[in-house]
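1. Sequence isn't available, so here's the structure alone:
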Ligand SMILES: Nc1ncnc2c1ncn2[C@@H]1O[C@H](COP(=O)(O)OP(=O)(O)O)[C@@H](O)[C@H]1O
Ligand SMILES: [Mg+2]
């Protein structure tokens, strides 16, 4: 197995121009991490800490203020069809059917080849029978399946996912996670997955990057060696989950003294 | 259930129309007017126009002008609007001028149109173009500016060329709102053709109305002309509404 990381982020900083001129909003500070090929990595952090910003920089939709982002040994210059983004707001095209959406990135393929690939991924995400449906006829979970299938059909090396299940209900979310892990195991893609949900991160990934509040740094990286399919009642699962909760400075006991529950970054300003 | 609903959908409007006709008839009789026509006199007027072959001739003349003026407005307004919606600098450059020209009623352009085009078909066609190009362009501009950024980002991710981006994303994403603009513009065009024909030419439904009044106070024909204008306007709107039913654009209209 090659040891070269697929994604390398080195000393990445990001700030946005603030409301008043000359003012800067510092969002990311000194971000360093690597993702190996085939790895499933989750990025967790509180809402508004800069997770989407970080993923957008890696995906080539934004440019960092300082530092390097290398993907497959090359500096990221922009979005690339070899790395497909699954968006927080559903990015499925409402004017295309399920089939047309999934085949969207396959323009260069011949018609029969495209049909074969699309049929394969419709099967994989369990949308049989909805081939000719339009997105407005689908539930939120099904739309997210279309977007995941569209990403997979383009045969990328890496899939970036920004809270793809954030808008779904609890049961649908659990089912989508199980399906995503199954797909990841069979397709052997590298997945970089952003979420604010710690449980989701522990259920899905090989490693969890825990981000602090804004300006965000990577606070800890937690490796998860639990076997899949993961048992959500096992001691290992609960212990890992609690470790991340406390790394984010959160108590699991509701009603506890607020002061002790403050995030680490708020207690010790840098 | 649905059968009953469809039945009331036709019966209720017909009932309202019948009531209005009765009220109209009663009002004319009570007032004792011998100039304003009663409904059956208008119907007779319409039949007379049909027999003389005038109705068909005038309807065709009006529709001909609307078709030309309106088609020109779509052909120029849609690309122009998409261009301005996409390029911020173009929007900044042209928008103030558009907003200044837009509130000038097409009627105010009639003297200018006659000066430029004399008493030819070109004058009303020009006026219809002016009246409909602004709603079309403005809706196309807004459609591009309101486009969900996520569609563009997804498209960029899949490595589309500029032309593919336009054909496969920008155009379909903006089509619902452009169709709405087209529908509004067609309504305006039909309003304007009548006004233009009253002054700038000597054929068409607008001319019929003004001519019937000037040559012998034939108010039965005046109202007959008005009724025809209303009916054709209704049909035109129903036709454009069909465009909104296509699967490719239905997503753009809130549960219809
Ligand atoms: N284009 C932008 N301009 C200015 N501020 C921005 C922009 N995008 C994001 N931000 C700010 O950066 C911070 C992080 O945003 P985001 O990355 O979306 O957070 P997260 O995804 O973790 O919830 C937020 O405070 C947000 O207001
Ligand atoms: Mg986000």
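-> Cool, the structure landed. In this text the structure is predicted, and so the values were computed from the model without any measurement. Ligands and ions are numbered 1, 2, ... in the order given.

2. so how far is ligand 1 from the residue of chain A found nearest chain B?
-> Distances between chain A and chain B by CB to the nearest CB are smallest at residue A:94, namely 3.7 Å. The way it works is simple: take the backbone N, C-alpha and C, and place the C-beta from them, glycine included. Going from residue A:94 to ligand 1 by CB to the nearest ligand atom, to the nearest Å gives 24 Å.

3. Please tell me I have it right and that residue contacts residue A:134.
-> Yes: using CB atoms under 8 Å, residue A:94 is in contact with residue A:134, at 6.8 Å.

4. and for those two, which residues touch both?
-> Jointly contacting residue A:94 and residue A:134 under the rule CB atoms under 8 Å, 6 or more residues apart in numbering or on different chains are residue B:251.

5. how near is residue A:57 to residue A:43?
-> Applying CB to CB, to the nearest Å, the value for residue A:57 to residue A:43 is 12 Å.

6. okay, these two: which has more neighbours?
-> residue A:43 (28 against 23; other CB atoms under 10 Å in any protein chain shown).

7. Report the beta-bridge partner residues of that one.
-> residue A:194, residue A:209 (DSSP bridges).

8. before we move on, what about residue A:86?
-> Bridge pairing for residue A:86 - DSSP bridges - gives residue A:161.

9. got a list of what the residue of chain A closest to chain B touches?
-> Counting by CB under 8 Å, 6+ apart, the residues that residue A:94 touches are A:134-136, B:251-252.

10. ditto for residue A:156
-> Contacts of residue A:156 (CB under 8 Å, 6+ apart): A:81-84, A:189.

11. For residue A:35, which three-state class applies?
-> strand (DSSP: H, G, I helix; E, B strand; the rest coil).

12. got any ranges where the chain has weak pLDDT?
-> With no chain named, the answer covers chain A. A:1-3, A:250-270 (pLDDT under 70).

13. hmm, I had chain B in mind actually
-> B:1-4, B:255-256.

14. about what we covered before: switch the contacts of residue A:94 over to a markdown table; also include secondary structure and distance to residue A:30.
-> Shown next, in a markdown table, are these (DSSP: H, G, I helix; E, B strand; the rest coil; distance: CB to CB, whole Å):
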| residue | secondary structure | distance to residue A:30 |
| --- | --- | --- |
| A:134 | coil | 45 |
| A:135 | helix | 40 |
| A:136 | helix | 44 |
| B:251 | coil | 43 |
| B:252 | coil | 45 |
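
15. Distance to ligand 1 and neighbour count added to those, as TSV?
-> Shown next, in TSV, are these (distance: CB to the nearest ligand atom, whole Å; neighbours: other CB atoms under 10 Å in any protein chain shown):
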residue	distance to ligand 1	neighbour count
A:134	29	20
A:135	24	19
A:136	27	12
B:251	26	18
B:252	26	21
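
16. near chain B, which residues of chain A?
-> Contacts of chain A with chain B, taken as CB under 8 Å from any CB of the partner chain, map to A:59, A:61, A:78-81, A:83-85, A:87, A:89-91, A:93-96, A:104-105, A:107, A:134-136, A:154.

17. Show me how to select, in PyMOL, the buried members of these.
-> Only the buried entries of the residues of chain A next to chain B go into this PyMOL selection, using 16 or more other CB atoms under 10 Å in any protein chain shown:
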select buried, chain A and resi 59+61+79+80+83+84+85+87+90+91+93+94+95+96+104+105+134+135+154
